[in-house]
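Asks: sequence and predicted structure are below.
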Amino acid sequence: MKQAYPPAWCSRACKNALSDVCLEQCSVKRDGSWFDPHPVDIQDLPPFSAQVFVEELSPKQRTMYLGIYGEAIVNVMQGRVVTYERHPHRPRSRRSRGPRCTSCWNNGRSPISSWARNGK
């Protein structure tokens, strides 16, 4: 199975970036068939390259390229703030330590510190 990596501008603006459908179908065919856009800030996109646009992109990719950069520029000009987190931060829950033995823990001190303190 042939795999290809998507262009940087595409992987920044697509929800399917670097997934199986991206690497095995969309990037290989270069047609954007699985392209699922999400809002992107102009600062997140790589610099616009006319050379890449003319020499490396298929006609369908050119349309997407212009659409993504055009939308980002219009958002900046109209003062819209774009926020999108591809992988939102989810704080981990701490594992429960289980019930403490009251004979081992005295006022939050471990048995080792009480042993060292008493010299026993």
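Replies: Here it is on my side, so go on.
Asks: rest of the way, CA atoms for contacts and neighbours
Replies: Will do.
Asks: give the residue spans of the protein that score low on pLDDT.
Replies: Along the chain, segments meeting pLDDT under 70 span 1-3, 84-120.
Asks: buried set for the particular helix or strand that has G67 in it?
Replies: Following DSSP states H and E, one finds G67 within helix 59-77. Going by neighbour count (16 or more other C-alpha atoms under 10 Å), the buried part of helix 59-77 is 61-62, 64-65, 68-69, 72, 75.
Asks: residues contacting it, please?
Replies: If you take C-alpha atoms under 8 Å, 6 or more residues apart in numbering as the criterion, helix 59-77 is touched by 9-10, 13, 30-32, 39-42, 48, 53, 81-82.
Asks: K15 touches H38, doesn't it?
Replies: Yes. The criterion here is C-alpha atoms under 8 Å, and K15 meets it with H38 at 6.4 Å.
Asks: buried subset of the contacts of helix 59-77, written for PyMOL?
Replies: Typed into PyMOL, the next command selects the buried ones out of the contacts of helix 59-77 (criterion: 16+ other C-alpha under 10 Å):
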select buried, resi 9+10+13+30+31+32+39+40+41+42+53
